[in-house]
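Chemist: would you be able to build a 3D model of this:
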Amino acid sequence: MSKQAAQTTGADSSLERLYRVGELTQFHGYKDRFYVYKLIAQGLFPRPVKIGHISAWLESDLIKWQRARIAERDAKAAADTTETTSEK
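Modeler: Okay, here's the model as predicted:
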C-alpha cells in the first residue's frame, strides 16, 4: 500500500508485529505455554492483546520485557562486583 493510500484509508504503515503464544519461546525460552500464563497472572510477563478469542503479544511489549530482564541481570552483576570488591 502506498503512503498516500495508507493516509487515505487511515491505515497505519507502522503496525507492530504480533506474536502468538507458540512463538514466544524465542523471547523467554519457556516451553510450557501455561507457565507463560502463570507469569502473566503474577505480573511478571506482559499481558496479551485479545483479538477475538486469540491472544497475541505486541513485539514492543516483549522487547521491553527482555530489556528489563537484562537490566536486572546487569544491576545484580554490578551489585555483586561492588560487594566482592568491598569485602577485600
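Chemist: closest to the centroid, which residue in this protein?
Modeler: residue 62 (1.2 Å; Cα atoms, centre = their mean).
Chemist: what's near enough to touch the nearest residue in space to that one that is not next to it in sequence?
Modeler: Using Cβ to Cβ, 6 or more residues apart in numbering and skipping residues adjacent in sequence, the residue nearest residue 62 is residue 27, 4.7 Å away. Every C-beta, even on glycine, is put in place using the N, C-alpha and C of the backbone. By Cβ atoms under 8 Å, 6 or more residues apart in numbering, the contact set of residue 27 is 19, 62, 65-66.
Chemist: per-residue pLDDT, residue 68?
Modeler: Residue 68 is assigned a predicted lDDT (pLDDT) of 95.
Chemist: before we move on, what about residue 25?
Modeler: Residue 25 is assigned a predicted lDDT (pLDDT) of 86.
Chemist: got phi/psi on it?
Modeler: With angles defined as degrees, to the nearest 10, residue 25 sits at phi -60, psi -30.
Chemist: residue ranges with poor pLDDT in the chain?
Modeler: 1-13, 84-88 (pLDDT under 70).
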